[in-house]
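S.K.: could you work out the structure for the sequence below:
(2 chains)
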Protein chains: 2
Amino acid sequence: MEATPKIEPIISTTMADQVEERLREYITHKAFRPGDAIPKEVELAEALGVSRNVVREALSRLRMLGMIDTKKRRGMILTQPDILSGLERMMHPHILGTDTRKQIFEFRLVLEVGQAALLFVRKTDEGIQKLEAIVKQESQVLTIQEKVDCEIAFHSALYEMAGNETIKRFQAMLMPVFEYVVEYETDHDFHTVGSVTHRDLVNILKNGTPEEFTSGMLKHLEPHLLRLA
Amino acid sequence: MEATPKIEPIISTTMADQVEERLREYITHKAFRPGDAIPKEVELAEALGVSRNVVREALSRLRMLGMIDTKKRRGMILTQPDILSGLERMMHPHILGTDTRKQIFEFRLVLEVGQAALLFVRKTDEGIQKLEAIVKQESQVLTIQEKVDCEIAFHSALYEMAGNETIKRFQAMLMPVFEYVVEYETDHDFHTVGSVTHRDLVNILKNGTPEEFTSGMLKHLEPHLLRLA
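M.R.: Numbers count the residues shown, from 1 in each chain, chains lettered A, B, ... in the order given. Next up is the predicted model:
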């Protein structure tokens, strides 16, 4: 006896969605490598049984993500995608929901704490001098804007030192959302710092261990962490 | 005397690239909110002085990123974008470059260490029991595959407990790349663990502090961290 066929729900997707997915499957399953050529638009349209317009739309999406590129005389080739390109386009606080903003706020806290793992492998005298200069400047500034600038400069210099381009770009994208949350969605000052200051963190970086640094960063971020729920 | 006009380099972009960028600027500068309607395709084409095909291509990209949606009778509206949708499409180890894979490998290590910041705010008895069950099972398994499964289950349960959907999805995407790097690009066993075991980490989670947990995780991940350069 045959089993009753399951009724599949109709998923609302456009033709371009389907063709895009099919092309991504094709590209990723065939184990293509960056630089490899992919079939022409007209050939893809024929193979998939859809119009060239739909194929063009789907290819345009992949081009936006940096997965393919069009080269003179070589046609379309696979490229090493820029994994953060899609993300970058969406990181505007007000087009995100409150939940997403909150999650991004937390994401940045997690990165700040976790990057100790990289900092102690990659710290340099030059980088530490840069951090010390920022701390010195910070002790002399007066206006809120100057303080914000020092705050951002300090944490950016840490990411620079950690030497991971993906994390660095990622956190730079999170920054506006993080600031937005602090400014508009908490009752609390951007500059509320915990019992461990920037100066303390630099000293740990110079003479301490990764373990001491993560502990210090948790204390530094404590005012933010205390309001998580 | 006038300054010599600077010769701007010609940047190779397609019409769709330009229209996509213009639309994103329009959407983000106008301070639209999710749910707001945006002009019709034909109106956009007219305003931008380009063909409808090009506008359709650009809108298709925004639709893929989840920034807009088409509703019956309401036309196109802004949606709360799914910030990870672009990223998700590209997380296939072999289409990424070696550098990107290495950076993603490090990214995951940073997240593991940093999430202590969230774990201690959100830990539950139920979550800890789940971790204990995994640790118990782990002590009884024999095959490599079973060990890998327990390893993944343990770390996934931690992300579950940390309660941040964006980080959870993000790390789930990083996972295949992380495993690929460990398996193919290092001379070293996926299961090499440091002096702190999963069982130790659970005990710290039960009775310790966030500071002790980050320290413990750094020790747990030490074999991976030692090979960073």
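
S.K.: quick one: contacts for residue A:176?
M.R.: With contact set as Cβ atoms under 8 Å, 6 or more residues apart in numbering or on different chains, residue A:176 has these partners: A:91-93. Any C-beta I mention is one placed from the backbone N, CA and C, and that applies to glycine too.

S.K.: element containing it?
M.R.: Element membership for residue A:176, per DSSP states H and E: helix A:165-184.

S.K.: now that helix: buried residues?
M.R.: With burial defined by 16 or more other Cβ atoms under 10 Å in any protein chain shown, the residues of helix A:165-184 counted as buried are A:166-171, A:173-175, A:177-182.

S.K.: near chain B, from the residues you listed?
M.R.: Applying Cβ under 8 Å from any Cβ of the partner chain to those, one finds that A:166-167, A:170 fall near chain B.

S.K.: tell me what the helix or strand bottoming out on mean pLDDT in chain A is packed against?
M.R.: Ranked by mean pLDDT, DSSP states H and E, the weakest helix or strand in chain A is helix A:85-88, scoring a mean of 81. Judged by 3 or more Cβ pairs under 8 Å, 6 or more residues apart in numbering or on different chains; DSSP states H and E, helix A:85-88 is in contact with helix A:165-184, helix B:85-88.

S.K.: rerun at 6 Å
M.R.: Under the contact criterion of 3 or more Cβ pairs under 6 Å, 6 or more residues apart in numbering or on different chains; DSSP states H and E, helix A:85-88 touches helix B:85-88.

S.K.: could you list the buried residues of the helix it packs on?
M.R.: So helix B:85-88, judged by 16+ other Cβ under 10 Å, has buried residues B:85-87.

S.K.: can you redo those as CSV with distance to residue B:143?
M.R.: Listed next are these as CSV, based on distance: Cβ to Cβ, whole Å:
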residue, distance to residue B:143
B:85, 36
B:86, 37
B:87, 32
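
S.K.: and which of those is nearest chain A?
M.R.: Among the buried residues of helix B:85-88, residue B:86 lies closest to chain A (Cβ to the nearest Cβ), at 1.4 Å.

S.K.: need the contact list for the closest residue to the closest one other than its chain neighbours.
M.R.: Leaving aside its chain neighbours, residue B:86 sits nearest to residue A:86 (1.4 Å; criterion: Cβ to Cβ, 6 or more residues apart in numbering or on different chains). Listed by Cβ atoms under 6 Å, 6 or more residues apart in numbering or on different chains, the contact set of residue A:86 reads A:65, B:65, B:86-87.

S.K.: so how far is residue A:66 from residue A:86?
M.R.: Residue A:86 sits 9 Å away from residue A:66, taking Cβ to Cβ, to the nearest Å as the criterion.

S.K.: before we move on, what about residue A:43?
M.R.: 22 Å.

S.K.: higher neighbour count, the two?
M.R.: residue A:66 (17 against 11; other Cβ atoms under 10 Å in any protein chain shown).

S.K.: chain center to the helix or strand where residue A:59 lies: distance?
M.R.: Element membership of residue A:59 [criterion: DSSP H and E] is helix A:52-64. The chain centre lies 25 Å from the centre of helix A:52-64; the measure is Cα atoms, centre = their mean, to the nearest Å.

S.K.: state the mean pLDDT of it.
M.R.: The average pLDDT for helix A:52-64 rounds to 92.

S.K.: and if you look at stretch A:138-146?
M.R.: For stretch A:138-146, the per-residue pLDDT averages 85.

S.K.: could you tell me the end-to-end distance of that stretch?
M.R.: Stretch A:138-146 has its terminal residues 8 Å apart, counting by Cα to Cα, to the nearest Å.

S.K.: so what touches that stretch?
M.R.: So stretch A:138-146 is contacted by A:147, A:150 (Cβ under 6 Å, 6+ apart).

S.K.: return the set of buried residues in that stretch.
M.R.: For stretch A:138-146, by 16+ other Cβ under 10 Å, it's residue A:138.

S.K.: same thing with stretch A:207-221?
M.R.: Buried residues in stretch A:207-221 (16+ other Cβ under 10 Å): A:208, A:210-221.

S.K.: can you check stretch A:146-153 too?
M.R.: A:150-151, A:153.

S.K.: by proximity to chain B, which residue of chain A wins?
M.R.: residue A:86 (1.4 Å).

S.K.: number of residues surrounding residue A:227?
M.R.: 13.

S.K.: pull the distance from stretch A:162-172 to the chain's centre.
M.R.: The answer for stretch A:162-172 is 8 Å, by Cα atoms, centre = their mean.

S.K.: residues of chain A that sit close to chain B?
M.R.: Proximity of chain A to chain B (Cβ under 6 Å from any Cβ of the partner chain) is limited to residues A:16, A:28, A:57, A:60-61, A:64-65, A:80-81, A:83, A:86-87, A:90, A:92, A:94, A:97, A:103, A:106-107, A:109-111, A:113-115, A:117, A:121, A:164, A:166-167, A:210-211, A:214-215, A:218, A:225, A:228.

S.K.: strands of chain A, start to end?
M.R.: A:68-71, A:75-78 (DSSP state E).

S.K.: give me whichever of those is most buried.
M.R.: Highest mean neighbour count of those: strand A:75-78, a mean of 16 (counted as mean count of other Cβ atoms under 10 Å in any protein chain shown).

S.K.: what's that one packed up against?
M.R.: Packed next to strand A:75-78, using 3+ Cβ pairs under 6 Å, 6+ apart, are strand A:68-71.

S.K.: centre of the chain to the strand it packs on, how far?
M.R.: 24 Å.

S.K.: can you tell me what sits against it?
M.R.: Applying Cβ under 6 Å, 6+ apart, the contact partners of strand A:68-71 are A:62, A:76-79.

S.K.: strand partners (parallel or antiparallel) of it?
M.R.: strand A:75-78 (antiparallel) (DSSP bridges).

S.K.: picking that back up, switch the strands of chain A over to CSV; also include distance to residue A:134.
M.R.: As requested, the strands of chain A are exported to CSV (distance: least, Cβ to Cβ, whole Å):
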stretch, distance to residue A:134
strand A:68-71, 39
strand A:75-78, 42
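
S.K.: can you put these in a markdown table and add mean pLDDT?
M.R.: What follows is the strands of chain A, written out as a markdown table (pLDDT from 0 to 100):
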| stretch | mean pLDDT |
| --- | --- |
| strand A:68-71 | 86 |
| strand A:75-78 | 88 |
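
S.K.: and of those, who's closest to residue A:37?
M.R.: Among these, the nearest to residue A:37 by Cβ to Cβ is strand A:75-78 (5.3 Å).

S.K.: may I have the closest one as PDB, with CA atoms only?
M.R.: In PDB, the C-alpha atoms belonging to strand A:75-78 read as follows (Å, rounded to 0.1, in the frame of the first residue of the first chain):
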ATOM      1  CA  GLY A  75      32.500  36.000 -19.400                       C
ATOM      2  CA  MET A  76      31.300  35.400 -15.900                       C
ATOM      3  CA  ILE A  77      33.700  34.000 -13.300                       C
ATOM      4  CA  LEU A  78      33.400  33.000  -9.700                       C
END
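
S.K.: cool, thanks, talk later.
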